[in-house]
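1. here is a sequence together with a model predicted from it:
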Amino acid sequence: MFRLINSVLCQLRLAALLVILPAQAAESFTADSFTVALYYPQVPPYMYAGADNAPVGVIPELLTAFFAQQPHRLQYVYENRYRAEIGLYDGKYDASVLAAKWTLQPEELLFSQPVLEHKDYLYATVPFNTPEALSNKTVCLRRHYIYTAINDALQSGSLIRVDAESEFDQFNMLLNKRCQLAYMNEHVASWLAQNHFSAITFYRQPQPIDKTALTLALHPKWAALKPRLDAFIRSAHRNGVIDRALAHHMKKR
């Protein structure tokens, strides 16, 4: 039976079950471990550092509950987006948070049932008045991220990419006029607006640019584990666990 892990239980389980190691220590992981590469800088409310640098958020909460029932020891590495994906192909890491359309070689990985679905929007410091407002603009994007929905605009030059190290930096660069637009998913943008930019009004494009089903990408050696993980995710959706976890982590800190 699966139930929502409250914040206290989550911290206790994290302390008991997770070992947070730097990326360079990944080679020492044991065969019975399952290593998840989480993005650094972090992506709240999905995955971010809590007390003692332990991972918290919707994804760690879900995985902690799942691996409490499995014979594998759950471990995390904080890693940048590009190295996390390359580490998956190489077998250095066992899983990361990725949608198939974001990956370089989707056929080389296994993808879980969707954990969450989110919409992506363009944000600005002035209202979006006309479609022309999106042409010939600089747009702050997170370094190493693949943005399939605006790839044609980036290739044609109607949008000019300006890389940032995190979503926080995207908004900060937008405010400092280093770009005219920022592309971000709705949950991360709302969390940042509440927790770091509450005095600022960001304007969101009325219609979403894209919609993504957020999944866990697994190395193929975990093919036998994937059906159990998928069943667990489906159960969490049916029981409202993931919705409640998202609502909890969306709250102002």
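-> On my side now, so go ahead. Numbers count the residues shown, from 1 in each chain.

2. correct me, but L175 touches T201?
-> No. Counting by C-beta atoms under 8 Å, L175 stays clear of T201, with 10.8 Å between them. Heads up, the C-betas are built off the backbone N, CA and C, glycines and all.

3. anything in contact with each of those two?
-> Shared contacts of L175 and T201 (C-beta atoms under 8 Å, 6 or more residues apart in numbering): T125.

4. neighbour count: these two, which is higher?
-> Shown here are L175 and T201; by other C-beta atoms under 10 Å, L175 has more neighbours (14 against 9).

5. what's near enough to touch that one?
-> T125, F197, I200 are the contacts of L175 under C-beta under 8 Å, 6+ apart.

6. and which of these is nearest L214?
-> The closest of these to L214 turns out to be F197 (C-beta to C-beta; 23.1 Å).

7. how about that closest one, what does it touch?
-> Residues near F197 by C-beta under 8 Å, 6+ apart: F171, L175.

8. one more pass at 6 Å, please.
-> Listed by C-beta atoms under 6 Å, 6 or more residues apart in numbering, the contact partners of F197 are F171.

9. quick one, phi/psi of it?
-> Taking degrees, to the nearest 10, you get phi -130, psi 40 for the backbone angles of F197.

10. output the lowest mean pLDDT helix or strand found in this protein.
-> One helix or strand of the chain scores below all others by mean pLDDT, DSSP states H and E: helix 7-17, with a mean of 37.

11. could you check the helix ranked longest in the chain and say which residues are buried?
-> The longest helix of the chain (DSSP state H) is helix 226-238. Within helix 226-238, the residues scored as buried using 16 or more other C-beta atoms under 10 Å are K226, L229, D230, F232, I233, A236.

12. I'd assumed L110 was in contact with the first one.
-> Read it as K226. Yes. With contacts counted by C-beta atoms under 6 Å, K226 reaches L110, the gap being 5.4 Å.

13. tell me where the stretch 101-250 of the chain has helices.
-> Assigned by DSSP state H, counting those that start in this stretch, the helices in the stretch 101-250 of the chain fall at 151-156, 167-175, 186-195, 226-238, 241-250.
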